[in-house]
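Visitor: Predicted model and sequence below, questions to follow.
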Amino acid sequence: MRKDQWLARALESLESSGVEGVKIERLAKALGISRSGFYWHFKNRRDLLEHLLEYWISEYTGVVSENPDVRKLDPQQRLLSVMEMIRDKNLTRYDLAIYAWAKFDPLARRALKKAINIRLGYLRSIFAELGFSGDDLEMRTRLFVCYHSWEATMFADAARRKQLLKARYELFIQK
């Protein structure tokens, strides 16, 4: 069993049961393997949780901000591509679970802050390239990150969210 498979399953457990539900025995059972396979990749549960947060940042934020194909696009296309990636890959799926965990765990709080800062920095650079500055730049950046972080949680109708994407995009780039 690969390390990323453990981490993906741990994220699913985090989403469904909270951090207390992320248990070695449960993960092994869900993956259909013995507990001993866990120790090939992780020292203990805390090590798993640390790697889980790094994995979440990489797979659900870095997948956009570090994507070389997206970086090559002009800023308008890059913004639209980011919006579509967030929607199509459900990149905010685990955000709510991470937020809940971060309320009481400093490790999760630091990871959440890191992810938010990466998102803000990346979007701020796109909006700056589009010619926005000052409060207008900051408002668009924060509004984008807030909206896209919570859209799927707040508005369950995926078809309607898809319909509104282009209108939201036009609103974001309007001067």
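Guide: Arrived safely, thanks for sending.
Visitor: For the rest of this, base every contact and every neighbour count on C-alpha atoms.
Guide: Will do.
Visitor: in this protein, which spans are helices?
Guide: 3-17, 24-31, 38-41, 45-57, 63-65, 68-71, 75-88, 95-102, 106-129, 134-154, 158-173 (DSSP state H).
Visitor: Including mean pLDDT, could those helices go into a markdown table?
Guide: Formatted as a markdown table, the helices of the chain follow (pLDDT from 0 to 100):
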| stretch | mean pLDDT |
| --- | --- |
| helix 3-17 | 96 |
| helix 24-31 | 94 |
| helix 38-41 | 92 |
| helix 45-57 | 98 |
| helix 63-65 | 96 |
| helix 68-71 | 96 |
| helix 75-88 | 96 |
| helix 95-102 | 97 |
| helix 106-129 | 98 |
| helix 134-154 | 94 |
| helix 158-173 | 91 |
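Visitor: Switch the ones you listed over to CSV; also include mean neighbour count.
Guide: CSV is the format used below for these (neighbours: other C-alpha atoms under 10 Å):
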stretch, mean neighbour count
helix 3-17, 18
helix 24-31, 16
helix 38-41, 15
helix 45-57, 17
helix 63-65, 18
helix 68-71, 13
helix 75-88, 17
helix 95-102, 18
helix 106-129, 17
helix 134-154, 15
helix 158-173, 13
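Visitor: Give me the most central residue, the protein.
Guide: Y60 (3.4 Å; C-alpha atoms, centre = their mean).
Visitor: How much space separates it from L7?
Guide: 13 Å (C-alpha to C-alpha, to the nearest Å).
Visitor: ditto for G62
Guide: 16 Å.
Visitor: for D95, same thing?
Guide: From D95 to L7 the distance is 15 Å (C-alpha to C-alpha).
Visitor: Thought G121 was touching R142, still the case?
Guide: No - using C-alpha atoms under 8 Å, R142 is not in contact with G121, being 10.0 Å away.
Visitor: ok, back up a step: excluding its backbone neighbours, what's nearest the residue nearest to the centre of the chain?
Guide: Among residues not flanking Y60 along the chain, L91 sits closest, at 5.0 Å (C-alpha to C-alpha, 6 or more residues apart in numbering).
Visitor: Cool, thanks, signing off.
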